[in-house]
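Trainee: Sequence and predicted structure below; questions after.
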Amino acid sequence: KDPLSKFWAGYKKVSSEYDDEMVERCNGNMDIVLIFAGLFSAINTTFIVSMQPNPINTTNTLLVQLIQNKAYGPTAIQPATLSSLTSYSSSDVWTQALAYLSLAFSLLAALGAVLGKQW
């Protein structure tokens, strides 16, 4: 064989080994990203659910207002307690927005890792 074909045969062997190692390393890294994104999303979702207002308080307030309307007619004085239950402070809004944003980025990272593994 001529020296040029020996060079390309050696290059193919070395590059195949390097590519196989790189693909294996990247596949392992994507597995780690998937595990981390899954765990982070589960924990973040738990925090998001715990930050939501208690729907029982709102339901009870609405039921009291409904009973008062039925008992005393529509002219009965309505308590203004419902607005205080559904109002959020600006820090609560920012906290929930950041929690939802971090959940979205975590799911986007998981999507990228899945697409990378399928490629």
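Mentor: Perfect, thanks for sending it.
Trainee: Surely Leu107 and Ser41 touch.
Mentor: Yes: because the distance of 6.1 Å satisfies CB atoms under 8 Å, Leu107 is recorded as touching Ser41. The way it works is simple: take the backbone N, C-alpha and C, and place the C-beta from them, glycine included.
Trainee: More neighbours: these two, which one.
Mentor: Each of Leu107 and Ser41 has its neighbours counted (other CB atoms under 10 Å); Ser41 has more, 18 against 15.
Trainee: So which elements touch the helix or strand hosting Ile35?
Mentor: When secondary structure is defined using DSSP states H and E, the element that contains Ile35 is helix 3-51. Counting by 3 or more CB pairs under 8 Å, 6 or more residues apart in numbering; DSSP states H and E, the packing neighbours recorded for helix 3-51 are helix 90-118.
Trainee: now the angle from the helix it packs on to helix 3-51?
Mentor: Using axes from the mean of the first three to the mean of the last three CA atoms, to 10 degrees, one finds that helix 90-118 and helix 3-51 are set 150 degrees apart in direction.
Trainee: Which parts of helix 90-118 count as buried, going by neighbours?
Mentor: Using 16 or more other CB atoms under 10 Å as the burial criterion, the residues of helix 90-118 that qualify are Leu103, Ser106, Ala109, Ala110, Ala113.
Trainee: quick one: contacts for the nearest residue to Phe47 once chain neighbours are set aside?
Mentor: Taking CB to CB, 6 or more residues apart in numbering as the measure, Phe47 lies nearest to Ala99, with 6.0 Å between them; neighbours along the chain are not counted. Contacts here follow CB atoms under 8 Å, 6 or more residues apart in numbering; on that basis Ala99 touches Asn44, Phe47, Ile48, Met51.
Trainee: Against Leu98, how distant is the second one?
Mentor: Counting by CB to CB, to the nearest Å, the separation of Phe47 from Leu98 is 11 Å.
Trainee: ok, now the third one?
Mentor: Separation of Ile48 from Leu98 (CB to CB): 10 Å.
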